[in-house]
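Peer 1: Compute the structure for the input listed below.
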Amino acid sequence: MKIDFSVVQSGEIVRRACGLLMLALPLSTRADWHRDDVSLAWRAEGKTVWRLSFDPKKGKPFFDPLSVAGTPSLTNFRPEDHPWHYGLWFSWKYINRANYWEEDRQSGRAEGATRWSPPTISTKPDGRATIKFDLTYTHPSGRVDLSEKRELSIAAPSADGSYHIDWRAHFTAGPHAVVLDRTPMPGEPNGAVNGGYAGLALRLAAAPLGIAFISTAGPITNFVSDRARPAAPAVACNFTDGPTGVGGIAIFSDPVNAGQNAPWYVINNAQFRFACAALLAPQPRALAAGGEFDLRYRIALRRAAWTPAALHAGAANWQRESR
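Peer 2: As a prediction, the model looks like this:
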């Protein structure tokens, strides 16, 4: 490659050299978009970094895989034990007693139907994207009990591959009152060890990757059997491959969702790793006809391990950015 040194002024030499180098690189080393009728994906080094599915044949919209450039996927899609787990996804458990979470293993459909219109998608060459959905939650009777406007804003990856997804949702009850409920919590009538889950959820990569959970308060170690219920502004999971760090995912909950110390439900065993922003765990939520509320989360991925200090800083940065 020959460079014309007469164009040094104002950094032009750098821009031209970078452009020539990009043209000389094989296609597999570039980062670009892949889009079809049912999904949007960002690819780098010939591999999918993240993919959002909005296939109407699936039970919910979802992200899978989620990774940092160069790492294996940190999510787990439709494992045999729970084929209604979709990597990173959102689902209510019960709306007016109809189950929207579990799906029939044969039909792949839940009792209550989560439906959505084709999303509006805007992308930028640097990896930024904004996706907007209109969703409805339809009772088995055919009645729409709840509607949602969802906006997903994905940041461009930084030089080290880190990026985040800002997840915003506005819910409106239909013409009848709505009760959002969950499996009863331990200690409640008919309570179960797995009670409380509903909402934003992550099914995480299984062994042989190692995993450790952490919150803003420190490592999550108070598991009863393989389950823990921390209360914190954020939780994260750090992955390892032998002695090597692979990457980490953090979920930040805005105080508007469930207070400053949001409730979480975490499961950690070799094959079943799970984290849920269990906002209904303290109690079910009731809405009058036409009632409204908002939820806001940030999901952040990076190669470096998350620490309590990094989670605190991430939460503070997010709040400053959103003002």
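Peer 1: Neighbours of the residue nearest to Ala262 when sequence neighbours are not counted, how many?
Peer 2: Nearest non-adjacent residue to Ala262, counting by Cβ to Cβ, 6 or more residues apart in numbering: Ser253, 3.9 Å away. Where you see a C-beta, it was placed from the backbone N, CA and C, and this is true even at glycine. Number of residues near Ser253 (other Cβ atoms under 10 Å) recorded here: 26.
Peer 1: again, but for Asp226
Peer 2: Asp226 has 14 nearby residues by other Cβ under 10 Å.
Peer 1: wait, what's in contact with it?
Peer 2: Neighbour list for Asp226: Ile267, Asn268, Asn269, Phe272 [criterion: Cβ atoms under 8 Å, 6 or more residues apart in numbering].
Peer 1: What is the burial count for the third one?
Peer 2: Looking back up the chat, that one is Asn269. Number of residues near Asn269 (other Cβ under 10 Å) recorded here: 14.
Peer 1: what sits against it?
Peer 2: Counted by Cβ under 8 Å, 6+ apart, Asn269 has contacts Asp226.
Peer 1: That one and Ile214: what is the separation?
Peer 2: 17 Å (Cβ to Cβ, to the nearest Å).
Peer 1: Can you identify the element that follows the host helix or strand of Val235 toward the C-terminus?
Peer 2: Element membership for Val235 (DSSP states H and E) is strand 234-241. Reading on from strand 234-241 to the C-terminus, the next helix or strand found by DSSP H and E is strand 244-253.
Peer 1: So the residue nearest to Ala262 is in contact with Ala275, correct?
Peer 2: No - under the criterion of Cβ atoms under 8 Å, Ser253 makes no contact with Ala275, lying 11.4 Å away.
Peer 1: so the residue nearest to Ala262 bridges to which residues?
Peer 2: Using DSSP bridges, the bridge partners assigned to Ser253 are Tyr297.
Peer 1: Next, Asn317: secondary structure please.
Peer 2: The local conformation at Asn317, judged by DSSP: H, G, I helix; E, B strand; the rest coil, is helix.
Peer 1: As a check, name the ranges of all strands in the stretch 1-150 of the chain.
Peer 2: Ranges of strands in the stretch 1-150 of the chain, per DSSP state E, counting those that start in this stretch, are 32-35, 39-44, 47-53, 62-66, 88-91, 94-95, 98-99, 113-116, 120-123, 129-138, 144-154.
Peer 1: The stretch 201-323 of the chain too?
Peer 2: Using DSSP E, counting those that start in this stretch, the strands found in the stretch 201-323 of the chain span residues 210-215, 218-219, 227-228, 231-232, 234-241, 244-253, 262-263, 265-268, 273-276, 285-287, 292-302.
Peer 1: Which of those sits closest to Leu135?
Peer 2: strand 292-302 (12.6 Å; Cβ to Cβ).
Peer 1: got the buried residues for the closest one?
Peer 2: Of the residues in strand 292-302, those buried by neighbour count under the rule 16 or more other Cβ atoms under 10 Å are Leu295, Arg296, Tyr297, Arg298, Ile299, Ala300, Leu301, Arg302.
Peer 1: Pretty sure the first one sits against Ala169.
Peer 2: Put plainly, it is Leu295. Yes - if you go by Cβ under 8 Å, Leu295 and Ala169 touch, sitting 4.7 Å apart.
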